[in-house]
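# Make a model of this:
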Amino acid sequence: MIVVIYAHPYPAHSRACAALLGAIRGRPDVDVRSLYDLYPDFDIDGAAEREALERARLVVWLHPMYWYSVPALLKHWFDHVLIKGWAHGDGARALAGKDCLWVTTTGGGEDAFTPAGRHRHPFDAFEPPMRQTAQYCGMNWLAPIAVRGSHEVAAEALREAGAGLNARLDEWAAASKGRG
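Below is the predicted model:
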C-alpha cells in the first residue's frame with residue numbers, strides 16, 4: 001500500500017501538483033490523503049492519519065514548496081501525527097522500515113536553484129529537513145522528485161512528470177514485492 005500525503009492549500013490553482021496527483025490517483029495501491037480537503041479547519045485526526053500510515057509500505061509527501069519548506073497544514077500534520085512514542089523515541093517503531101518519497105513542485109525553474117540564481121543554492125540544499133524527518137522516524141529515504149518551474153512548465157512536460165511519478169511507483173512496487 002502506498003499512502004500519499006497531499007498538501008496543496010490552493011489545488012484549484014495548481015498545474016504541477018494536479019498533474020502529479022492525477023497521474024497516480026486511480027492506482028488501486030494508492031490511498032491519497034488530501035490534507036486541505038480532510039482538515040480545512042486544521043483539526044487533524046491524528047489517530048486516523050496514524051492508522052493510514054500503519055497500512056503503508058511507502059509514504060509519499062506530495063506538495064508545493066512554500067518558503068523552502070512545506071505548506072502550513074503539512075507542517076501541522078507532522079507535529080500532530082509523527083508523535084513521540086509512535087513515530088520516534090524509545091521503542092517507537094511504527095514507521096521504521098517504511099519507505100518515504102518526497103515529491104515537490106517549485107515555482108522557480110532550474111536556473112533559480114544555482115549559486116547565481118534567485119535561491120542562491122542548488123535544490124538539494126533544501127532536502128535535509130525532509131530527509132531528516134523521515135529518517136528520524138526510521139523510514140528509508142528515497143531519492144526525491146522535484147518538478148521545477150511549475151508556473152511556466154509546458155503541459156507536455158507536466159504529463160511526462162506525472163508519467164514519471166507513476167513509473168517510479170511501479171518500480172518501487174516491483175522492487176518491494178516480497179518485502180515486509
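# In this structure, spot the helix with the most residues.
If you go by DSSP state H, the chain has its longest helix at helix 155-176.
# what packs against that helix?
Under the contact criterion of 3 or more Cβ pairs under 8 Å, 6 or more residues apart in numbering; DSSP states H and E, helix 155-176 touches strand 2-6, helix 16-24, strand 58-64, strand 99-105, strand 145-147. Glycine gets a C-beta too; all of them are placed from N, C-alpha and C.
# Let me know the next secondary structure element after the second one.
Okay, so that is helix 16-24. strand 30-34 (DSSP states H and E).
# C-alpha coordinates for the longest helix of the chain, CSV please?
Taking C-alpha atoms only, helix 155-176 is exported to CSV below (Å, rounded to 0.1, in the frame of the first residue of the first chain):
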residue,chain,number,x,y,z
ALA,A,155,1.7,20.9,-20.4
GLU,A,156,3.6,18.1,-22.1
ALA,A,157,6.4,18.3,-19.5
LEU,A,158,3.8,18.1,-16.7
ARG,A,159,2.3,15.0,-18.4
GLU,A,160,5.8,13.5,-18.6
ALA,A,161,6.4,14.3,-14.9
GLY,A,162,3.1,12.5,-13.9
ALA,A,163,4.1,9.5,-16.1
GLY,A,164,7.5,9.6,-14.4
LEU,A,165,6.0,9.5,-11.0
ASN,A,166,3.7,6.7,-11.9
ALA,A,167,6.6,4.7,-13.4
ARG,A,168,8.6,5.4,-10.2
LEU,A,169,5.7,3.9,-8.1
ASP,A,170,5.6,0.9,-10.5
GLU,A,171,9.4,0.4,-10.0
TRP,A,172,9.0,0.7,-6.2
ALA,A,173,6.1,-1.8,-6.2
ALA,A,174,8.0,-4.3,-8.3
ALA,A,175,11.2,-4.0,-6.1
SER,A,176,9.2,-4.2,-2.9
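# now the angle from that helix to helix 16-24?
Counting by axes from the mean of the first three to the mean of the last three Cα atoms, to 10 degrees, helix 155-176 lies at 50 degrees to helix 16-24.
# What are the buried residues along helix 155-176?
Across helix 155-176, burial judged by 16 or more other Cβ atoms under 10 Å covers 158, 161, 162, 165, 166, 168, 169, 172.
# next one: stretch 90-106
Within stretch 90-106, the residues that count as buried by 16+ other Cβ under 10 Å are 92, 94, 95, 98, 99, 100, 101, 102, 103, 104, 105, 106.
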